[in-house]
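S.K.: prediction below, plus the sequence it came from.
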Amino acid sequence: VQLVESGGGLVQPGGSLRLSCAASGFTFSHYYMSWVRQAPGKGLEWVSSIKTDGGTMYYADSVKGRFTISRDNARTTMTLHLNSLKPEDTALYYCVREIFWGFDYWGQGTQVTVSS
């Protein structure tokens, strides 16, 4: 199993970013997928999840209305669109594979920094 994130960077408050996750080594369409983030000096925070067919999405209250998760099962990729970014969104963002009892595989993370 391999999960590779990309798309992070430095952006000003109010700006946007698009994070991508390229998945391989497993049947991507069989698994819920999620994004989890970790801000400097803080614990892990679940951000968003998407069901296997991409038809149902879930969001943390802190990002609801600003972030959008999607997936392409044919290309085995997952995307997170981050809009109206705030300094408190600064974190390392991980792509994770979800199983019934939690998350079993993680990518290496991509850094998002929101600062003027």
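M.R.: Structure received. Computed from a prediction, not measured in an experiment: that's the story for all the values here.
S.K.: excluding its backbone neighbours, what's nearest the spatially most central residue of the chain?
M.R.: Taking Cα atoms, centre = their mean as the criterion, residue 35 is the residue nearest the geometric centre of the chain, at 3.0 Å. Of all residues not flanking residue 35 in the chain, residue 47 sits nearest, at 4.3 Å (Cβ to Cβ, 6 or more residues apart in numbering). (Each C-beta comes from the backbone N, C-alpha and C, glycine too.)
S.K.: re earlier: from residue 111, how far off is the residue nearest to the centre of the chain?
M.R.: 14 Å (Cβ to Cβ, to the nearest Å).
S.K.: now residue 37
M.R.: 10 Å.
S.K.: for the two, indicate the residue with more neighbours.
M.R.: Set residue 37 next to residue 111 and count neighbours by other Cβ atoms under 10 Å: residue 37 wins out with 24 against 12.
S.K.: can you check the pLDDT for the residue lying closest to the more buried one once chain neighbours are set aside?
M.R.: In space, and not counting its chain neighbours, residue 37 is closest to residue 91: 3.8 Å by Cβ to Cβ, 6+ apart. On pLDDT, residue 91 comes in at 98.
S.K.: got a list of what residue 91 touches?
M.R.: Residue 91 sits next to 37-40, 42, 45, 111-112 when contact means Cβ atoms under 8 Å, 6 or more residues apart in numbering.
S.K.: tell me the bridge partners for it.
M.R.: Counting by DSSP bridges, residue 91 is bridged to residue 112.
S.K.: scan the contacts of residue 91 and report the most crowded one.
M.R.: Counting neighbours by other Cβ under 10 Å, residue 37 leads those with 24 neighbours.
S.K.: please enumerate the helices of the chain.
M.R.: Shown for the chain, no helices are assigned by DSSP state H.
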